[in-house]
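Visitor: no sequence on this one, just coordinates:
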């Protein structure tokens, strides 16, 4: 046997124990999520104390924009894989597509509640720019951080261990649970967010396999509600309108906001189910052996 043949048939080198630990999904999931949350919290704290002034908004946005950078480093260094799900060449198109879907989702939801007498809106602000800019910056940051943590790290890590359906169920439940600490939250609002946001955003990622698409939907939903003056996940929004709320909380969402309404829960499933059907054509992450 020649030297060439010996080299060609040699068994692949087994990765070291440290390398296997680093590549284990729960390792890069925990390291990545913790790093993103800590960096974002550190840069967001001064901006929360200062209020919506330009330097504070810029600092908060910087903390949010650190999330994609941290994600890339963790996936490259620990998971040891490429990150096509955040490719810059697809950023604009996927984000725009997501914003279009998210805008349609909130638009239809609000129109149904208005038609049923739950909401009525009145123009409110004197300083439009002073209202719109902080809303866009704050909600862009929230969408980026939450999508890179939940769909980027948690969903993909669990998917690699247990498959896409287990990953979708767990991330949806977690997304509802973390919102239980918000002002005005109830058990129902947690269930509602798990379905309308957790399932929809998880389905969106599984379909497109692109984080910018999920970020676009998330961003459009939060910004849309805030600009309309409707509470976002229990947080009051000083938007372009004041909203008069009437009727049962199951229709309007009550103090928590539209996310606790039955309307977007049903619509979220209407949007999510076709995405999940289409996602079956996308390759599933292979579980570890």
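Guide: That came through fine. Keep in mind that this is a model prediction, so the values were computed, not measured.

Visitor: only C-alpha atoms for contact and neighbour calcs from this point on.
Guide: Noted.

Visitor: quick one: contacts for the residue positioned nearest the centre of the chain?
Guide: Centroid-nearest residue in the chain, with Cα atoms, centre = their mean: residue 147, separated by 3.0 Å. By Cα atoms under 8 Å, 6 or more residues apart in numbering, the residues touching residue 147 are 211, 214-215.

Visitor: need those residues in CSV with secondary structure, neighbour count and pLDDT, can you?
Guide: Below are those laid out as CSV (DSSP: H, G, I helix; E, B strand; the rest coil; neighbours: other Cα atoms under 10 Å; pLDDT from 0 to 100):
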residue, secondary structure, neighbour count, pLDDT
211, helix, 27, 97
214, helix, 32, 98
215, helix, 30, 97
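
Visitor: which one of those sits closest to residue 264?
Guide: residue 214 (16.8 Å; Cα to Cα).

Visitor: Next up, the contacts around the closest one.
Guide: Here residue 214 is in contact with 95, 98, 147, 201-202, 204-205 (criterion: Cα under 8 Å, 6+ apart).

Visitor: circling back: so which of the contacts of residue 147 is the closest to residue 69?
Guide: Set against residue 69, the nearest of those by Cα to Cα is residue 211 (13.2 Å).

Visitor: what's near enough to touch that closest one?
Guide: 85-86, 147-148, 151-152, 205.

Visitor: Count residues in the vicinity of residue 281, would you?
Guide: 10 (other Cα atoms under 10 Å).

Visitor: How is it assigned, secondary-structure-wise?
Guide: Under DSSP: H, G, I helix; E, B strand; the rest coil, the three-state class of residue 281 is coil.

Visitor: Kindly provide the distance from it to residue 208.
Guide: To residue 208, residue 281 is 10 Å away according to Cα to Cα, to the nearest Å.

Visitor: Low-confidence bits of this protein, can you list those?
Guide: Scanning the chain for pLDDT under 70 picks out the ranges 1-12, 48-52, 282-289.

Visitor: a markdown table for the contacts of residue 214, including distance to residue 159 and secondary structure?
Guide: Compiled in a markdown table, these are given as follows (distance: Cα to Cα, whole Å; DSSP: H, G, I helix; E, B strand; the rest coil):
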| residue | distance to residue 159 | secondary structure |
| --- | --- | --- |
| 95 | 23 | helix |
| 98 | 22 | helix |
| 147 | 15 | helix |
| 201 | 15 | helix |
| 202 | 11 | helix |
| 204 | 15 | helix |
| 205 | 12 | helix |
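
Visitor: Which two of the residues you listed have the greatest separation?
Guide: 95 and 202 (15.3 Å).

Visitor: neighbour-wise, which of those two wins?
Guide: Taking other Cα under 10 Å, residue 95 and residue 202 do not tie; residue 202 has more neighbours (28 against 21).

Visitor: doesn't residue 172 make contact with that one?
Guide: Yes: at 7.3 Å, residue 202 and residue 172 qualify as touching, with contact defined as Cα atoms under 8 Å.

Visitor: before we move on, back to that, between the contacts of residue 147, which is closest to residue 274?
Guide: Distance to residue 274 across these (Cα to Cα) is lowest for residue 214, with 15.2 Å.
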